[in-house]
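J.: Provided below for reference: sequence and predicted model.
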Amino acid sequence: MIYKTPFGHLKPTTQIAKTKVDAVQRALQWCETIVASTHWTPVTQGKSISLRRKIHGQTIEIFPLEAARMDFGMKSRFHVEHLPIHLNNENACVRPILPRSRPLHSDMIASMILLLGRADFNPASVPRTLHSILTEQQLTSLPPPPAPRGAYIPGRPSTSGREFLPESQILELAGQHLNANFTVQFEKRDGTLRNMTARVGAWTGPDGEERDTNRVRDAMSYDPSEYNLKTVFDMEKSEYRNIATDRVTQISIGGDTLRSASAES
C-alpha cells in the first residue's frame, strides 16, 4: 500500500499496523501545519520534501518523510537511534535520551520543527549536538549541567545483609536465554528490592518496534558490566533498564526458578 503524506509518498514493504500508520500521518500533518507559520523553507528533493533554514550562519535541514520511513521500519540513511537532521549537510547526531523508551521519530521531528521554527527559540532546549547554531551570548546563558552522580565503586559490598545468588550464575543464565522473558528480583543501589519482568537480546515487539538491549548498552557512555549491571528491557514499563547482577535474590528463567534466602514474595 502507498501512503500519501504532505512530504511525499511512502510505500512500506511490510504490513504496518493501522494505529501506527494513523499516528505517523497525524505527526506529518502536524509538521505541515507548523511549517506554515515558521521560518522553515520547504525544499523538494526528488520525490520528497525536506525543510531547511539558516540560524546564525548554520544550515539546519530536517527530513520529515525520512522520520516516517524510520517509524515504519523501512531502510533509512539515518541510524535508527538518530533523528533525520542535518547540520551543514552532515548528520547532526541528534537522538533521544537513553534508556527511556522512544516516541515516534515523526513526533520528535515535529517538535524540532516547532522548537527551531522561530527566531526567539529557547537556547536551553537545543540539543547539545546543535549548539553551533547558538551565539556566544546564548551559549553563556545556558544553565550549568547537572552535577554528576556519585560514581558507583565496583565491588562495594551491600550493607543490607541480604544473601544474593552468584553473579556468574545470573550472567550465564541470561546468556543462555536470549530473547526470552524472565522475572528477576534484585537489590537496587538504594537498598530496596525491585521485581521486574525483563528480556535481553534483539527482537521486534508487537508494535513493530525493534528492541535491542546490546545496541542500547553500546550507546551508553560507560560499560554497565564494569558496575555489575546488565542492560535489559523492562517488559512492563516498555523501557530499557539496568539490573544489578551482583545483587539478585531471585530469578525465574527458562522454566527454572532460583532463590536466595533473602528472596521476598
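T.: Yes, it's here. Residues are numbered from 1 along each chain as shown.

J.: how far off centre is stretch 254-265?
T.: 31 Å (C-alpha atoms, centre = their mean, to the nearest Å).

J.: before we move on, what about stretch 54-61?
T.: Stretch 54-61 sits 26 Å away from the centroid of its parent chain (C-alpha atoms, centre = their mean).

J.: list the buried residues of that stretch.
T.: Buried residues in stretch 54-61, counted by 16 or more other C-beta atoms under 10 Å: 55, 60, 61. (Glycine included, C-beta is placed from N, CA and C.)

J.: just the residues you listed: which are in strands?
T.: The strands in this structure, assigned by DSSP state E, contain 55, 60, 61 from the buried residues of stretch 54-61.

J.: from what I see, the first one and residue 135 are in contact.
T.: No - in terms of C-beta atoms under 8 Å, residue 55 does not count as a neighbour of residue 135; the distance is 9.6 Å.

J.: closest to residue 163 among the buried residues of stretch 54-61?
T.: residue 60 (55.5 Å; C-beta to C-beta).

J.: mind giving me the packing neighbours of the lengthiest helix in the chain?
T.: Within the chain, and with DSSP state H defining each element, the longest helix by residue count is helix 18-35. With contacts defined as 3 or more C-beta pairs under 8 Å, 6 or more residues apart in numbering; DSSP states H and E, the secondary structure elements packing on helix 18-35 are strand 3-5, helix 64-71, helix 105-115.

J.: pick the most deeply packed of these.
T.: Comparing the helices and strands packed on helix 18-35 by mean neighbour count (mean count of other C-beta atoms under 10 Å), helix 64-71 comes out on top with a mean of 26.

J.: all helices for the stretch 151-265 of the chain, in order.
T.: Under the criterion DSSP state H, counting those that start in this stretch, the stretch 151-265 of the chain contains helices at 167-176, 213-218.

J.: which one of the ones you listed lies nearest to residue 192?
T.: Ranking the helices of the stretch 151-265 of the chain by their distance to residue 192 (criterion: C-beta to C-beta) puts helix 167-176 first, at 18.7 Å.

J.: alpha carbons only: can I get the closest one in PDB?
T.: Included here for helix 167-176 are C-alpha records, laid out as PDB according to Å, rounded to 0.1, in the frame of the first residue of the first chain:
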ATOM      1  CA  GLU A 167      26.600 -13.200  39.800                       C
ATOM      2  CA  SER A 168      28.400 -15.700  37.400                       C
ATOM      3  CA  GLN A 169      25.200 -17.800  37.500                       C
ATOM      4  CA  ILE A 170      23.000 -14.900  36.700                       C
ATOM      5  CA  LEU A 171      25.200 -13.800  33.700                       C
ATOM      6  CA  GLU A 172      25.300 -17.400  32.400                       C
ATOM      7  CA  LEU A 173      21.600 -17.900  32.600                       C
ATOM      8  CA  ALA A 174      20.900 -14.600  30.900                       C
ATOM      9  CA  GLY A 175      23.300 -15.500  28.100                       C
ATOM     10  CA  GLN A 176      21.600 -18.900  27.600                       C
END
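
J.: how about residues contacting it?
T.: Defining contact as C-beta atoms under 8 Å, 6 or more residues apart in numbering, one finds that helix 167-176 is touched by 182, 200, 228, 230, 245, 246, 248, 251, 253, 254, 258.

J.: of those, which pair is most distant in space?
T.: Farthest-apart pair in these is 228 and 254; separation 22.0 Å (C-beta to C-beta).

J.: neighbour-wise, which of those two wins?
T.: For the pair residue 228 and residue 254, the greater number of neighbours falls to residue 228 (20 against 11), based on other C-beta atoms under 10 Å.

J.: in space, what's closest to that one - neighbours in sequence excluded?
T.: residue 246 (4.0 Å; C-beta to C-beta, 6 or more residues apart in numbering).

J.: now residue 261
T.: residue 163 (4.7 Å).

J.: how deep is the one you found tucked in, by neighbour count?
T.: Residue 163 is surrounded by 12 other residues when neighbours are defined as other C-beta under 10 Å.

J.: what's the spacing between stretch 41-50 and its chain's center?
T.: 27 Å.

J.: in that stretch, what counts as buried?
T.: Across stretch 41-50, burial judged by 16+ other C-beta under 10 Å covers 48, 49, 50.
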